[in-house]
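Q: sequence first, predicted coordinates after that:
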Amino acid sequence: MLFRGINFLRLIMSFVEKRKKLVDKLIKRKILTKPEVIRAMLKVPRDKFVPKKAVSTAYMDSPLTIGLGQTISAPHMNAMMCEYLELKEGDKVLEIGTGSGYHAALCAELVAPEGSQNSGHVFTIERHQKLVEKAKESLKEAGYEHAVTVIHGDGTLGYPEKAPYDKILVTAASPENIPPPLKKQLKDGGILCIPAGSKSYGQNLYVITKKGEDLKSKRITGVRFVPLIGKHGFDS
Ligand code: SAM
């Protein structure tokens, strides 16, 4: 019993150390710059969101398979999107593509930190019911269920029930024509971060800011995401 307890503590410590090493690397590469994003990346346990058989690789900077042909994105991509979204305490966030739930947990750590007097919330949509169930479990285990609502559905339609949103992130690649409901459901002054382009190769990450009816789009870098499948996305 005692040995088991000691081994469990060792495992947790090794995850904490690995997480710190990963964050240090991302800081060196200047991908992580904002103190609040660094704090969130140090706190959220990615090991709780990856499949059990891949847990030893949870802190490698690479995407991992989570089943049903889907992936949890590489940590540098999570970090980059959180930085560009300028997430702050109190923000109402919409994520399209819950996947494992890890990115939603990072957003929750930023918009609804422990002890916040002005808690924000994350609404996240996933098209695969099995991933919805698994993400809910992982979010509960990691302590974020109060700040994240997981919805099963087609995220290309957005989630008009809670619109408008301060920030929207899409973690699957959209066609060049960004889903109109997402643009509509973004608040005036809001930020949308979305990969777009072709179904498999030749995608770019865009940061779109809304000022009145005007949408300004900035290309950040080339990326590779699984496709966004749905009414305003690609066909399955
Ligand atoms: N954010 C995720 C994480 O932290 O693990 C990674 C997301 S994975 C790269 C993309 C996800 O988008 C997949 O789980 C896929 O099923 C989902 N997806 C694709 N099209 C969708 C749609 N129209 N609505 C909701 N989810 C969608």
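A: Thanks, I have the structure now. Residues are numbered from 1 along each chain as shown.

Q: give me the longest strand you can find in the protein.
A: For the chain, the longest strand by residue count, based on DSSP state E, is strand 186-197.

Q: quick one: distance of that strand to the chain centre.
A: On the basis of C-alpha atoms, centre = their mean, to the nearest Å, strand 186-197 sits 14 Å off its chain's mean C-alpha point.

Q: downstream of it, the next helix or strand is which one?
A: Using DSSP states H and E, the next helix or strand after strand 186-197 towards the C-terminus is strand 203-211.

Q: please name the bridge partners of the closest residue to Thr221 other than its chain neighbours.
A: Nearest residue to Thr221 in three dimensions, chain neighbours excluded: Leu205, at 5.5 Å (C-beta to C-beta, 6 or more residues apart in numbering). Quick note: C-beta positions are derived from backbone N, CA and C, even for glycine. Counting by DSSP bridges, Leu205 is bridged to Pro195, Thr221.

Q: which residues are in contact with Leu205?
A: For Leu205, the contacting residues are Met80, Met81, Cys193, Ile194, Pro195, Arg219, Ile220, Thr221, Gly222, Val223, by C-beta atoms under 8 Å, 6 or more residues apart in numbering.

Q: follow-up on the earlier one: in the longest strand of the chain, what counts as buried?
A: Within strand 186-197, the residues scored as buried using 16 or more other C-beta atoms under 10 Å are Leu186, Gly190, Ile191, Leu192, Cys193, Ile194, Pro195, Ala196, Gly197.

Q: can I assume the fifth one is in contact with Glu83?
A: So that's Cys193. No - if you go by C-beta atoms under 8 Å, Cys193 and Glu83 don't touch, sitting 9.5 Å apart.

Q: ok, which stretches of this protein are strands?
A: 64-67, 70-72, 92-96, 121-126, 148-152, 165-170, 186-197, 203-211, 214-223.
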